[in-house]
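Undergrad: fold the following.
(chains A and B)
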Amino acid sequence: DTGVSQDPRHKITKRGQNVTFRCDPISEHNRLYWYRQTLGQGPEFLTYFQNEAQLEKSRLLSDRFSAERPKGSFSTLEIQRTEQGDSAMYLCASSTTGQGSTDTQYFGPGTRLTVL
Amino acid sequence: AQSVTQLGSHVSVSEGALVLLRCNYSSSVPPYLFWYVQYPNQGLQLLLKYTSAATLVKGINGFEAEFKKSETSFHLTKPSAHMSDAAEYFCAVSDTPTDKLIFGTGTRLQVFP
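TA: Model prediction:
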């Protein structure tokens, strides 16, 4: 169990540029979640996957945001035409469901995005 | 809709004093409740969770929380604060243990020597 990993840890970009973040969940975790945390706030749910299927998307996830989990393992979150309001910490978490589940979401260290 | 309210954005205690962080929830279904801790520039670590078993839940680092349905509360306590407890604490609620988490706004705990 190597934990949830996220790459990059920090990203600075200029307004209007596209950025992509990667999340590698704990091995064999079938659920993967993305959250966004702005300064002084709690994390807010963005979307989650069960295997490769995207099961739910928050209304916070505008059409500039897209998330994929093509093979049911790692996931990517892309933001197109970034805006200053996108500056935040993007957190990924993973969990298992069904038999053997620990009923826990395990979080990665996050990717801090700064849009100039 | 589910929601969580954390009373007090900042709590300060002396080392060795009781820690009490408050969390009230709103849920139309039996809730699953969680406390997470976040250290600076790090992700969230689970402290403890309530998943409809015992109402008094013990977690890591000496923390515990009691689920009180009549008060819709899930307050976090620790009998004796340690300097290493200084961090941000988040209460969260969900419909099922592996469903999306709805977080409160957090409480920053400061511990003074």
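Undergrad: for the most centrally placed residue in chain B, which residues are in contact?
TA: Taking CA atoms, centre = their mean, the centroid of chain B lies closest to residue B:35, which sits 3.5 Å from it. With contact taken as CB atoms under 8 Å, 6 or more residues apart in numbering or on different chains, residue B:35 is in contact with B:21, B:23, B:46-49, B:59, B:63, B:65, B:74, B:76, B:89-92. C-beta: built from backbone N, CA, C; applies to glycine.
Undergrad: contact residues of chain B facing chain A?
TA: With CB under 8 Å from any CB of the partner chain as the criterion, chain B meets chain A at residues B:32, B:36, B:41-46, B:49, B:51, B:90, B:92, B:97-98, B:100-106.
Undergrad: please name the bridge partners of residue A:112.
TA: Using DSSP bridges, the bridge partners assigned to residue A:112 are residue A:10, residue A:89.
Undergrad: pretty sure it contacts residue A:39?
TA: No - counting by CB atoms under 8 Å, residue A:112 sits too far from residue A:39 to count as a contact (10.3 Å).
Undergrad: now do the strands in chain B.
TA: Along chain B, the segments classed as strands by DSSP state E run B:3-5, B:10-14, B:19-21, B:24-26, B:32-38, B:44-50, B:56-58, B:64-68, B:73-78, B:87-94, B:102-103, B:107-112.
Undergrad: check the offset of the third one from the chain's centre.
TA: Relative to the chain's own centre, strand B:19-21 is displaced by 9 Å; criterion: CA atoms, centre = their mean, to the nearest Å.
Undergrad: now do the closest residue to residue B:35 other than its chain neighbours against residue A:89, distance only.
TA: Sequence neighbours aside, residue B:47 is the residue nearest to residue B:35 in space, at 4.3 Å (criterion: CB to CB, 6 or more residues apart in numbering or on different chains). According to CB to CB, to the nearest Å, residue B:47 and residue A:89 sit 19 Å apart.
Undergrad: do the same with residue A:67
TA: Applying CB to CB, the value for residue A:67 to residue A:89 is 16 Å.
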